[in-house]
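Colleague: Here's my sequence, what's the structure:
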Amino acid sequence: MLNNKDLKAQNLALESISQHALQQTESMMIGCENEFEMIRDQLTRGTSQLDVVSIVGMGGIDKTTLANKIYNDQFILSRFDVCAKATVSQEYCARNVLLRLLSSASGSRKIDKSHEQPDDGQLADRLQKLLKGRRYLIFIDDIWAKEAWDDVKLYFSDCNCGSRILLTTRNMEVAENASSGKPPYQMSFLNHDESWNFLCIKVFENACFPPEFEKVGKQIVLNCKGLPLAIVMTAGLLLKIGESLDEWKSVSENITSLISTDLDVQCMRVLALSYHHLPHHPKPFFLYFAIFPEDELISVNKLVNLWEAEGFSCKQYAEQYLPMNLRVAEGFSSKEYAEQCLTDLIDRSLIFIHHLSFDGKIKACGMHDVICELCLREARNLNFVNVIIEDQNSCEQTRHFSRKCRISVQSEQTSFVANQLATVHHNKVRSILLFIQNPSNSRIMQELVRFKVLRILKLASPTLDAFPSCVVDLSQLRYLALTFYSSINDHDINVPPSIARLQSLETFILKFPKYYGRPKISFTLPGEIFEISQLRNLSLDRNNMVTHKYEVNLQNLQCLSGLNPLYCDYFTQQVCYVRKFQICGNQQDYIKCNEMKGLHDLRSFILLQELKFDGIPHSVLPPLEAFPENLKKLALINTCVNLEDLQILGHKLEALKLKFTSSSYIGKEWEVAEEGFPQLKFLLLNRLNIKYWRVSSD
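Modeller: Predicted coordinates:
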């Protein structure tokens, strides 16, 4: 029998995230209770034939909030064999939709373990085979065009199993065309009382609303026109203003001056008010989200590294614009300052939390598609970024293109992209990020070589099968992320020794697509990698290194991810300041590492706080004395450990947060002895084979 006090976790990270921000991770619905019940009934009852349920309404009216709450409802999930979801967005890409559906439907399983890049037809076949004969629920979010629906619906065959498709759209034609003979569910605006209650909850939570604010507050919600997103963003603005009646009156007057007969225009103006109330210094942090595609799941680690590479001063932002209770202490890392800046944008409802890490930190974030439109518009108006999108007027893009210092490529039209890059003044561009799945990049690579002052380059391409030699001539690069889909003749991808020319490089990422599983090919790193003195973040997929010794000059390295255990001794002997260390390899590599005692000197990482082993066998788990004293988090993935190991780790290491996933524990029963984990702060058990867990009741 478990005792509650034995399971308490001190989630310190959540203390820095306001309750207002955490509410955004939950689905808060106002005035949709009837629609929720009716849609749930239609999804779980009625015909055995495939049925489509459509929800329609303008942007920001909470279509996705309602649909997500329905999709995640435990009663609904229990009625279907397989569930999957994908966001389509305005720029429809069949490939992205297929990959998202396959990833969602497959859960933790890998989509593709081959090294061939499957075409869209092959992906569609896989999805159909996965769904065949099973009762499935598919959630298609934010579909804009009838043509996109006509394409997407071909993926779903009717097996007469009671399968359902839940769809959201702004377009009534799409909703009516998709619905199976029933009228779509049309989202209505909140009435005045609902709007007022919603604002009260968002601004004052459960506390009493000060009566002197009621009159001006009700005028504010009146001009939000019952649009939930407008109320949420206005609430974020009011929270930052605080309980200043004069400031509230100023906001009310500003909103009143923005009134338009066009409801879309009116709502966009209200949303823009939150942006325009930002102080000058935080604005670039918000505008930077314009580089990401709509509905992109944004990794906080990646975002922070990009901000740093851009030279954004997160410390100045935090010290000048955040209240004292939100500021991090002196001596904290630049990443911790950046996380506080992100939290501030979340508090303002400009950004939302997508999900938290197992210890309560923000792991991924996103932006509502309507706010994304606002962000992109403002970023373009200020020449902050140029975004190359499908089907956009090329003349309009070219007109101001040469003045932009940041380029985000979200178009699959290679010739168009190459032509656009050719018009750019190469001495102005600092950042190029390619968010594309299937380009032929030869022409693009020819253009990239011109950008000698480039600081940021993110490139992924199925035709990228060898390390691009031109990259080493971009001597001012601070952030380099390359994703490879294959290699020439299935040989390893060799990083050239000339990589050492990139002496300004701070973040270096070498990856294979996630859905390829564990690749057979590897990255081979030269010893010269140790000469890049400014390197802070090194993130690798399967890798090898040149074996002869080099003098290590990586004193700024803070995060080392994916390192082959064979080469741990290179780092443990000469790199002292790593804060996050992730080791990934097969059993043979770990055994060889153990023979060389490569993991016996982890204490040399005097600042190490997070340590992860992926694939380590029980027999070579480092001895207790090898672990740093200040270790805060330990994760064991695809790893077998026994009870004795767990008891020793839990008893000896202080203030520890433990994570075990994917059959990390040997045995069906785990009995935690008294005082077995006296300092444990957090424990996550995920996908283990444990059937019984016994904890002392004292």
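
Colleague: quick one: Arg430 and Leu454 touch, right?
Modeller: Yes: with the criterion set as C-beta atoms under 8 Å, Arg430 and Leu454 qualify as a contacting pair; they are 6.5 Å apart. (Each C-beta comes from the backbone N, C-alpha and C, glycine too.)

Colleague: got a list of what Leu684 touches?
Modeller: Listed by C-beta atoms under 8 Å, 6 or more residues apart in numbering, the contact set of Leu684 reads 358, 658-661.

Colleague: Flag the least confident of those.
Modeller: For the contacts of Leu684, the least confidently modelled position is Phe358, at 70, judged by pLDDT.

Colleague: How about the closest residue to that residue other than its chain neighbours: which residues does it bridge to?
Modeller: Distances taken as C-beta to C-beta, 6 or more residues apart in numbering put Leu684 closest to Phe358, at 4.6 Å, once the chain neighbours are dropped. Under the criterion DSSP bridges, Leu684 forms beta bridges with Lys659.

Colleague: Would you mind measuring from Leu684 to Phe523?
Modeller: According to C-beta to C-beta, to the nearest Å, Leu684 stands 30 Å off from Phe523.

Colleague: Run through the stretch 551-698 of the chain and note the low-pLDDT ranges.
Modeller: 643, 647-648, 650-655, 662-666, 674-676, 696-698 (pLDDT under 70).

Colleague: tell me the strands in it, going along the chain?
Modeller: Under the criterion DSSP state E, counting those that start in this stretch, the stretch 551-698 of the chain contains strands at 559-563, 580-584, 610-614, 633-637, 657-661, 669-672, 682-686, 692-695.

Colleague: out of those, nearest to Asp150?
Modeller: Of all the strands of the stretch 551-698 of the chain, the one in closest proximity to Asp150, counting by C-beta to C-beta, is strand 682-686 (39.6 Å).

Colleague: for the strands of the stretch 551-698 of the chain, which one sits closest to Leu505?
Modeller: Leu505 sits nearest to strand 559-563 of all these, at 13.7 Å, using C-beta to C-beta.

Colleague: For the closest one, which outside residues touch it?
Modeller: Counting by C-beta under 8 Å, 6+ apart, strand 559-563 makes contact with 301, 536-543, 571, 575, 578-584, all of which sit outside it.

Colleague: try 7 Å
Modeller: Applying C-beta atoms under 7 Å, 6 or more residues apart in numbering, the set of residues contacting strand 559-563 from outside is 536-541, 543, 571, 578-584.

Colleague: What separation do you get for Asn197 and Val203?
Modeller: 11 Å.

Colleague: Between the two, which is the more surrounded one?
Modeller: Taking Asn197 and Val203 together and counting by other C-beta atoms under 10 Å, Val203 has the greater number of neighbours (22 against 16).

Colleague: Quick check: the more buried one is in a helix.
Modeller: Yes: when classified by DSSP: H, G, I helix; E, B strand; the rest coil, Val203 is found to be part of a helix.

Colleague: what sits against it?
Modeller: 235, 238-239.

Colleague: who wins for neighbours among these?
Modeller: Ala235 (24 neighbours).

Colleague: tell me how far the helix or strand it falls within is from the chain's mean position?
Modeller: When elements are assigned from DSSP states H and E, Ala235 belongs to helix 228-241. With C-alpha atoms, centre = their mean, to the nearest Å as the basis, helix 228-241 stands 24 Å off its chain's centre.

Colleague: Number the chain from 56, please
Modeller: Shifting the count to begin at 56 puts that one at helix 283-296.

Colleague: Please, where are all the helices along the stretch 356-505 of the chain?
Modeller: When assigned using DSSP state H, counting those that start in this stretch, the helices of the stretch 356-505 of the chain occupy the ranges 369-376, 389-402, 424-436, 449-456, 469-477, 497-503.

Colleague: what's the model's confidence in the last one, averaged?
Modeller: Regarding helix 497-503, the rounded mean pLDDT is 74.

Colleague: Over to the first one?
Modeller: The pLDDT scores in helix 369-376 average 68.

Colleague: can you give me the strands in the stretch 56-205 of the chain?
Modeller: Assignment of strands within the stretch 56-205 of the chain using DSSP E, counting those that start in this stretch yields the ranges 106-111, 137-144, 191-198.
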